[in-house]
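Engineer: only geometry, no sequence info:
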């Protein structure tokens, strides 16, 4: 019996599930456009609607399988990619409690705070992660702490959106280095999180899976 591979891509403007054979030939694709929500009275916000977007991703998976006349049992392995810098926060029961798309820029005041109160810290962190604060995870988590303190208290884990997709399929929250590196809380040399970055700016350092 032939086996196939599937990848799920959460892009800025749409989601898609693509099926390949084991030689890398594209067999089918299911794709739907989605919208990211601007929150009232939160300038430059672009939230990731994880509840509705998961249902949309499921439809993409179903469309790709149907187009190829395949079932889930025909899929040998699944991977995921996503827009860079988009993050999801979870509580201790692994429920999503906050998520933003890649170009969410609500944390501009937190970026300024970090630059003004921790001299040279952006350059220090850039030397490890290759990322500036502009769309990084730390200012966004700090925004949650400043503006949604009850939500911040519940934060137990963080992941990228591509990791979230694989969590929804597997029940395991873990991070792929190729996208985790865009969080800015990461060592490109060691290919792992650097929790000390969060601790240095007064944020939880135990949330990195």
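Structural biologist: Okay, I see it. As the structure is a computational prediction, the values presented were derived from the model and not from experiment.
Engineer: for the protein, longest helix please?
Structural biologist: helix 50-67 (DSSP state H).
Engineer: after that one, which helix or strand is next?
Structural biologist: The first helix or strand that comes after helix 50-67 along the chain, using DSSP states H and E, is strand 75-82.
Engineer: the helix or strand following that following strand pairs with which strands?
Structural biologist: Of the helices and strands lying after strand 75-82 in sequence (DSSP H and E), the nearest is strand 87-90. Applying DSSP bridges, strand 87-90 is found paired with strand 96-100 (antiparallel), strand 157-160 (antiparallel).
Engineer: any idea which of the ones you listed is most buried?
Structural biologist: Stretch with highest mean neighbour count among those: strand 157-160 (a mean of 25; mean count of other C-beta atoms under 10 Å). From N, CA and C alone the C-beta is placed, and that goes for glycine too.
Engineer: which helix or strand lies directly C-terminal to that strand?
Structural biologist: helix 161-170.
Engineer: show me which residues of that next one are buried.
Structural biologist: 161, 162, 163, 164, 165, 166, 167 (16 or more other C-beta atoms under 10 Å).
Engineer: between the residues you listed, which is nearest residue 180?
Structural biologist: residue 163 (7.4 Å; C-beta to C-beta).
Engineer: how about the closest one, nearest residue that isn't a chain neighbour?
Structural biologist: Excluding its sequence neighbours, the residue lying closest to residue 163 (C-beta to C-beta, 6 or more residues apart in numbering) is residue 175, at 5.2 Å.
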